[in-house]
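**Student:** Give me the fold of what follows.
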Amino acid sequence: MAANENPTVRRRRLGAELRRLRLASGLTSTQVAERLMISQPKISHLENGRRIIKPRDVRDLCALYGVNDAQFVDVLMRQARKSGRQGWWVAFGEVPYAVYIGLETGASSIHSYESLVMPGLLQTPDYAAAVLAETIPLATPEQRAARLQLRLSRQHRAHHPARPFRLWAVVDESALRRVVGSPDIMREQLEHLNRLSTQPHITVQVLPHDVGAHPGISGQFSILAFADAPGKGTVYLERFTSDLYLEKRSDVQHYSVMYEHLQATALNPYSSRRFIAQAARDHARTNGASPHHRS
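**Tutor:** Residues are numbered from 1 along each chain as shown. This is a model prediction of the structure:
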């Protein structure tokens, strides 16, 4: 799906325009909420593109902001109607991280740090299935199957070098050593990771245990950038029940500096591939030595 067809990206653009109009009017989000008799969080969610923006919302906000250009208001209302369309991912049922998928689909680059598992966009089907089976115990087999197909569908863009998408992943050694599924699944996963890392739009770096403490020690995070919003971005923090999205410029800058430190501390891409290859061989030996291994 092209970025300009992505409803999440449309909402982000429209929300940014509504925020610009609010600031030009001199009103705070709290004042807007009071005058329209709605909650302040709703204003924030509309401006951040995390909530469907209805044409009525656009009309009421523009009237409050003193926007008198009827043609301009009509354009914004048309954008609101288009932004309310469903994304391709709704075909897979209820998705707890639908906001992230919309952002991911429209991103021009993603820089991610993973401390415990492989990046979702770089997982093999067997590894992804094992992660879903072992980390979501309350999900039904049907729900896990739908999430697996969704994850594999998300990978299409990352595996297509002709598309304008940059993926940079710093992966902690723990994710390479942790046996997910079986040693054989791990071997295949690491070999797959090395094959993908040779593509020009994908970079993988390994952060070995012997580097000690580092800025990413508190856990996973991703920084998403967008071609239509240079200098801005979104930090995504995955949590078990409620994900976090940080878009304040200071927050994005803070995590960007953290990521630069991780890149500088991690092995370079060539050394990382050698490290990953050795880890794959280690899993292969473990698999051969275990009387209970799965083929």
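**Student:** which stretches of the stretch 151-295 of the chain aren't confidently modelled?
**Tutor:** Within the stretch 151-295 of the chain, the segments meeting pLDDT under 70 span 160-164, 240-242, 288-295.
**Student:** What separation is there between the spatially closest residue to Arg177 that is not a sequence neighbour and Ala264?
**Tutor:** Among residues not flanking Arg177 along the chain, Ala279 sits closest, at 6.7 Å (C-beta to C-beta, 6 or more residues apart in numbering). Placement of C-beta: from N, CA and C, glycine included. Counting by C-beta to C-beta, to the nearest Å, the separation of Ala279 from Ala264 is 22 Å.
**Student:** Surely Arg35 touches Leu61?
**Tutor:** No. Contact criterion C-beta atoms under 8 Å: Arg35 and Leu61 do not qualify, at 10.2 Å.
**Student:** Comparing the two, which residue is more hemmed in?
**Tutor:** Neighbours per residue (other C-beta atoms under 10 Å) separate Arg35 from Leu61, with Leu61 holding more: 23 against 11.
**Student:** Give me the contacts around the host helix or strand of the more buried one.
**Tutor:** According to DSSP states H and E, Leu61 maps onto helix 55-65. Contact with helix 55-65 is made by 14, 18, 21-22, 24-25, 27, 32, 35-36, 46, 73, 76-77, 79-81, as judged by C-beta atoms under 8 Å, 6 or more residues apart in numbering.
**Student:** need the next SSE after that helix, C-terminal direction.
**Tutor:** Next along from helix 55-65, by DSSP H and E: helix 70-83.
**Student:** quick one on the thing from earlier: buried residues, the helix holding Leu61. List them.
**Tutor:** Residues of helix 55-65 classed as buried by neighbour count (16 or more other C-beta atoms under 10 Å): Pro55, Asp57, Val58, Arg59, Leu61, Cys62, Leu64, Tyr65.
**Student:** And the helices in the stretch 151-295 of the chain?
**Tutor:** 173-177, 183-197, 249-265, 269-289 (DSSP state H, counting those that start in this stretch).
**Student:** what about Met118, how many neighbours?
**Tutor:** Count around Met118 with other C-beta under 10 Å applied: 24.
**Student:** Now do the SS call for it.
**Tutor:** coil (DSSP: H, G, I helix; E, B strand; the rest coil).
**Student:** who are the neighbours in contact with Met186?
**Tutor:** Contacts of Met186 (C-beta under 8 Å, 6+ apart): Tyr127, Val179, Val180, Ala280, His283.
**Student:** Name the nearest residue to the second one, sequence neighbours excluded.
**Tutor:** The shortest distance from Val179 to any residue other than its chain neighbours is 5.6 Å, reached at Met186 (C-beta to C-beta, 6+ apart).
**Student:** So between Ala279 and Ala264, which is more surrounded?
**Tutor:** Ala279 (21 against 9).
**Student:** pretty sure that one contacts Ala175?
**Tutor:** No. Counting by C-beta under 8 Å, Ala279 stays clear of Ala175, with 9.8 Å between them.
**Student:** so how far is Phe226 from Arg78?
**Tutor:** Taken as C-beta to C-beta, the span from Arg78 to Phe226 is 21 Å.
**Student:** residues touching Ser249, list them.
**Tutor:** Rather than Ser, residue 249 is Arg. So Arg249 contacts Lys232 (C-beta under 8 Å, 6+ apart).
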